[in-house]
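Asker: Mind folding the following:
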Amino acid sequence: MPGRATEGIGKAPLALILSLACAFGCKATPPTPRGTVEAKPAFPDRPTVAPPAFKIFHQDNDTYTLVTKEDATDDEIEAIVWQLRDAAHTKTFDALHLSQTFVDARQPIVWFHVYRGAKCAGEKFTKGPLPCEASYHGAGDYTFGSYKNPLTDSGVLHRADGAEIQLWDSEAPYTPTPHS
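Answerer: Here you go, the predicted structure:
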């Protein structure tokens, strides 16, 4: 019988070690240090280049489709989107040859789609075969208004590699910049 009394002694320390290891090292998530601030997404700086000229390609009840030069850079597309944002908040669309009355009458949203050249610009309203395959080819978008807040807005750059870049925090109030 002496063997029976000592059989469980070898297992007890192992069970104790495993219990302690799980108690101190098996936490699902590490504790968050106090005072830690959640990182906010970074937005690109406003471009310093001048926006290139653009023209109205199409307009319907709630949308402007705009075209600019085919070789517009990402910074130039961003500059157009920022220019639209400034015009929305300063009520100066007429200076851009876009109807301020049209924008003011939005129900409750107006969209601006910016394209590099006219080749694919008809894709959102074309009946029949699409001009540039079955995907979106806009270079930038500006949205003014929402069902909850008529002054909210968002700007997006659509890069050639497929990445979508939010240009500013759409939840933050508009603040005029020296460029506006």
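
Asker: Would you agree residue 121 is in contact with residue 55?
Answerer: No. With contact defined as CB atoms under 8 Å, residue 121 does not count as touching residue 55 (10.2 Å). Placement of C-beta: from N, CA and C, glycine included.

Asker: Overlap in contacts, those two.
Answerer: Residues touching both residue 121 and residue 55 (CB atoms under 8 Å, 6 or more residues apart in numbering): residue 67.

Asker: Name the residue in these two with the higher neighbour count.
Answerer: Higher neighbour count among residue 121 and residue 55: residue 121, with 22 against 9, using other CB atoms under 10 Å.

Asker: which phi and psi does the more buried one have?
Answerer: phi -60, psi -20 (degrees, to the nearest 10).

Asker: count of residues packed around residue 152?
Answerer: With other CB under 10 Å as criterion, residue 152 counts 18.

Asker: The nearest residue to it once chain neighbours are set aside is in what secondary structure piece?
Answerer: Sequence neighbours aside, residue 146 is the residue nearest to residue 152 in space, at 4.7 Å (criterion: CB to CB, 6 or more residues apart in numbering). In the assignment (DSSP states H and E), residue 146 maps to no helix and no strand.

Asker: and residue 146, how many residues sit next to it?
Answerer: Going by other CB under 10 Å, the residues that sit close to residue 146 add up to 14.
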